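Asks: Could you work out the structure for the sequence below:
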Amino acid sequence: MWNKARYRSLRTPANYLVMNLAVADFVIMLEAPMFIYNSIHQGPALGAIGCTVYALMGAVGGTVAIATLTVISIDRYNVVVYPLNPNRSTTKLKCYVLIAFTWAYGLLFACLPAFEIGLSRYTAEGFLTACSFDYLDRAYEARVFMFVYFLFAWLLPFVIISYCYARILIAVINANAIQSSKSKNKTEVKLAGVVVGIIGLWFAAWTPYAVVAMMGVFGYEQYLTPLNSMIPAVFAKIAASIDPYFYAMNHPRYRQMLERMFCNRGADQGNSQYQTSHYTRNASRIGDSDYGGGCGGAGVGDNESADVDRAPGGASSSSARGTGRSSGRLISVKGTPGGNGGVKALKKQLSNGDETSMEVSMEM
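Replies: Numbering: from 1, shown residues only. Below is the predicted model of the structure:
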């Protein structure tokens, strides 16, 4: 029977950050009912207060999402590039502090226009069915605010995200230099695709807003038609719908849990009787992030286990079972009596995993 203990492996700082991203994107999606209502009435039917609430939700959710994506990239960078530095590891306490920081960061930029103290304000945009920052305000203070917001909510996060994932890719390529050509190329191509996808999704989501806002700030508002002003909102809403799934489904342990929930409920009940050995625990830290092996694979995605029995004559026979997660298949190694062949073979087999570096870099 499923219980909370089965999801304990997902309660990691990295997953808390992904959950924070999901919450921020959910706040953005709360604008949808108001947008539909405005579209039906062909204008800002909820008035100035409704417009402010609409824009505030978008600003808070968007800025928190941007800050969270930046924090996630830094966390993954520290884990992959500096795996043995305890000062760079993200503990739960650090994670809570980072999450609080993302919300403080978002609220700071989002609330200033809502107070209408001269630092920009919220107004209807596009076809007057959506609301956002008044990037057409010609007041000096408003233009300075929009430019500072552009620097801290687009340019700086883009530089940090691009740098972190580029360094992750370089680190994995260097680590794979000792692997076979086939497995190395497979890992590097998959990781490069994920990196391009992450950076590309972020760039496509928020660059239209940045471009439109800067056109307004620098006096090119004659090129901003209602259609051009609506494009940023559409891209941001699409990204908010995709981001949590993209980050979660790139997390191998999350995919494993989904497979266990929907495919292997009966298969892994008997596997809980095994005892985890020292060797397979160490191996799991290397290959713990696999793709499972699909529905129906017995034992796929379960914890590693090993039974060590002693033969009647005093010789020991090792039988190690592990989920060969680095290659997506079940590894079963048996040693010869009186020796440690099983353990050595298991270590050797795990060290030759096809996707170890890729999985470690993406799971955190």
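
Asks: List the contacts of residue 109.
Replies: Listed by CB atoms under 8 Å, 6 or more residues apart in numbering, the contact partners of residue 109 are 59, 63, 149, 152-153. For the C-beta atoms, the positions are set from N, CA and C on the backbone; glycine is no exception.

Asks: can you check residue 158 too?
Replies: When the contact criterion is CB under 8 Å, 6+ apart, the partners of residue 158 are 202-203.

Asks: got the residue ranges for the strands in the stretch 101-250 of the chain?
Replies: Secondary structure of the stretch 101-250 of the chain (DSSP state E, counting those that start in this stretch): strands located at 122-125, 130-133.

Asks: Out of the ones you listed, which is closest to residue 86?
Replies: Residue 86 lies closest, by CB to CB, to one member of the strands of the stretch 101-250 of the chain: strand 130-133, at 41.4 Å.

Asks: before we move on, back to that, tell me the most buried of the strands of the stretch 101-250 of the chain?
Replies: strand 130-133 (a mean of 26; mean count of other CB atoms under 10 Å).

Asks: What pairs with that one, parallel or antiparallel?
Replies: Strands that pair with strand 130-133, judged by DSSP bridges, come out as strand 122-125 (antiparallel).

Asks: Not counting the strand it pairs with itself, show me its contacts.
Replies: 43-44, 51-52, 55-56, 59, 113-114, 130-134, 229-230, 233.

Asks: Just the ones in helices from those, please.
Replies: Secondary structure assignment (DSSP state H) places 51-52, 55-56, 59, 113-114, 229-230, 233 from the contacts of strand 122-125 within helices.

Asks: picking that back up, okay, the strands of the stretch 101-250 of the chain in TSV with mean pLDDT next?
Replies: Formatted as TSV, the entries for the strands of the stretch 101-250 of the chain read as follows, by pLDDT from 0 to 100:
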stretch	mean pLDDT
strand 122-125	92
strand 130-133	91
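
Asks: just checking, what's the longest helix in this structure?
Replies: When the chain is parsed with DSSP H, its longest helix is helix 181-217.

Asks: Tell me the buried residues in that one?
Replies: By 16 or more other CB atoms under 10 Å, the buried positions in helix 181-217 come out as 183-184, 186-188, 190-191, 194-195, 198-199, 201-203, 205-206, 208-213, 215-217.

Asks: Stretch 247-259 too?
Replies: Buried residues in stretch 247-259, counted by 16+ other CB under 10 Å: 247-248, 251-257, 259.

Asks: Looking at the residues you listed, spot the one nearest residue 174.
Replies: residue 252 (21.6 Å).

Asks: Retrieve the pLDDT associated with that closest one.
Replies: Residue-level confidence at residue 252 comes out at 70, pLDDT.

Asks: Residue 43 versus that one, what's the distance?
Replies: Applying CB to CB, to the nearest Å, one obtains 47 Å for the distance of residue 252 from residue 43.

Asks: Over to residue 214?
Replies: 27 Å.

Asks: give me the number of residues near residue 96?
Replies: If you count neighbours by other CB atoms under 10 Å, residue 96 ends up with 12.

Asks: What sits closest to it if chain neighbours are left out?
Replies: Counting by CB to CB, 6 or more residues apart in numbering, residue 16 is the residue found nearest to residue 96 once chain neighbours are left out, at 7.8 Å.

Asks: returning to that earlier point: and the ones in helices among the contacts of strand 122-125, which two are furthest apart?
Replies: Based on CB to CB, the longest span within these runs between 114 and 230 and measures 21.8 Å.

Asks: List the contacts of residue 60.
Replies: With contacts defined as CB under 8 Å, 6+ apart, the neighbours of residue 60 are 24, 27, 106-107, 110.

Asks: for residue 164, same thing?
Replies: The neighbourhood of residue 164, defined by CB under 8 Å, 6+ apart, consists of 73-74, 76-77.

Asks: could you redo these as a markdown table and give each row secondary structure and distance to residue 222?
Replies: Shown next, in a markdown table, are those (DSSP: H, G, I helix; E, B strand; the rest coil; distance: CB to CB, whole Å):
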| residue | secondary structure | distance to residue 222 |
| --- | --- | --- |
| 73 | helix | 37 |
| 74 | helix | 40 |
| 76 | helix | 42 |
| 77 | helix | 42 |
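
Asks: Mind picking the two most distant members of the residues you listed?
Replies: With distance counted by CB to CB, no two of those lie farther apart than 74 and 76, which are 7.5 Å apart.

Asks: So for the two, which sits in the more crowded spot?
Replies: It is residue 76, of residue 74 and residue 76, that has more neighbours when counted by other CB under 10 Å, with 23 against 18.

Asks: ok, that one to residue 172 distance?
Replies: Separation of residue 76 from residue 172 (CB to CB) stands at 11 Å.

Asks: distance of the nearest residue to residue 77 once chain neighbours are set aside from residue 226?
Replies: The spatial neighbour of residue 77 that comes closest, neighbours along the chain excluded (CB to CB, 6+ apart), is residue 164 at 3.8 Å. The span separating residue 164 from residue 226 equals 37 Å under the rule CB to CB.
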